[in-house]
Each structure stands twice: as C-alpha cells, then as structure tokens.
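Participant: 3D, please:
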Amino acid sequence: MTKETTSFVYVTYILSTPEKVFEAITKPDVARRYWDHENVSDWTPGSKWEHVRANEERTVELVGEVIEVSPPTRLVITWANASQASDPASHSRVTFEIEEYENMVRLTVTHDELEAGSGMAKGISKGWPAVLSSLKSFLETGRGIDLSAKPKSA
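Facilitator: The predicted structure is shown next:
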C-alpha cells in the first residue's frame, strides 16, 4: 500500500536578480538574515544539506540530499526532520525555480512528495509563506520579517 501524498506550491515575485535569490537560499550567512536558519551544503548533487538554527545551540532541524543544482535558476533537494533522516519514506522534495521576469524574479517553490495530513504537510503550509515573504522583504529592503510573530487577538 502506498501512502497518499500532497504538494504545496508557492509563487512570489521579487525585485531582485536570479543570482541574488539563489544565493539567499544557498549561502548560510545570507539565509540566517531572513530565515533564522542556515542552509549548509556544498550544493553538489548527491551531497547532504542541513537546515541549522542560527543561534548558540546550532540545532540541525532538517536534513536532506541535494538532487539537482543549476545556479541560478533551479535547486532540488529532499527534505526531512532530522529525527527522521534515516527513514527515506519520510522524505519529501523541495524544488526552487528561479525565473527572470522583466526587472524581477518569479520564484516558485514546490514542496511535494509530502505525506497527506502529516505534521510536515501542515507545518510547511504555514512555514513557506512566512519564510518566502521574509526572503522577499530581505532582498527588497535589506530586512526580513519577524518569523516568530503571532496573530493579534481580537
């Protein structure tokens, strides 16, 4: 029996260049400025990558493998909670497509092969919009958004 899967797609337009968007995703010192995490890898196909919290503890929260790299237009990685690294069935896939679009970039993030109804599927549906909004703000203004912000009560 195969598990039911789902996917999540988010598209945003950023006043930037493909090179700067790609760098913001793959360079740890840039990613920490809008994501509060660093994406650490040598970014070659078959290499591991780690999503490391950018604080004193340096907790590795997510892990995966680099599947495809075509700077500055495409990056494909697998994605799993660090606690599930040894279970390939728990891994999903993230594809970053970076397309020049007149004087801006169209960034499409597709997170697929997610187990339907899983905690990961629920988490990324809230996480990706916040992270990608922060990426957009950072590249356009030099400042990311507060990813720990919570809705104001009515």
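
Participant: which stretches of this structure form helices?
Facilitator: Taking DSSP state H as the test, the helices found in the chain are 18-26, 28-35, 119-141.

Participant: how about low-confidence regions in this protein?
Facilitator: Scanning the chain for pLDDT under 70 picks out the ranges 1-2, 154.

Participant: all strands of it, in order?
Facilitator: Per DSSP state E, the chain carries strands over the ranges 5-14, 37-40, 48-53, 60-70, 74-81, 92-101, 104-115.

Participant: can you add distance to Asp146 and give these back as a markdown table?
Facilitator: No exception for glycine: its C-beta is placed from N, CA and C like everyone else's. Below are those laid out as a markdown table (distance: least, C-beta to C-beta, whole Å):
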| stretch | distance to Asp146 |
| --- | --- |
| strand 5-14 | 18 |
| strand 37-40 | 14 |
| strand 48-53 | 16 |
| strand 60-70 | 19 |
| strand 74-81 | 24 |
| strand 92-101 | 23 |
| strand 104-115 | 20 |
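
Participant: closest to Pro151 out of the ones you listed?
Facilitator: Taking C-beta to C-beta as the measure, these were each checked against Pro151, and strand 5-14 came out nearest at 19.6 Å.

Participant: turn the helices of the chain into JSON lines, columns for distance to Glu4 and mean neighbour count.
Facilitator: Shown next, in JSON lines, are those (distance: least, C-beta to C-beta, whole Å; neighbours: other C-beta atoms under 10 Å):
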{"stretch": "helix 18-26", "distance to Glu4": "29", "mean neighbour count": "20"}
{"stretch": "helix 28-35", "distance to Glu4": "29", "mean neighbour count": "18"}
{"stretch": "helix 119-141", "distance to Glu4": "10", "mean neighbour count": "16"}
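
Participant: and those helices as JSON lines, adding distance to Val109?
Facilitator: As requested, the helices of the chain are arranged in JSON lines below (distance: least, C-beta to C-beta, whole Å):
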{"stretch": "helix 18-26", "distance to Val109": "9"}
{"stretch": "helix 28-35", "distance to Val109": "13"}
{"stretch": "helix 119-141", "distance to Val109": "6"}
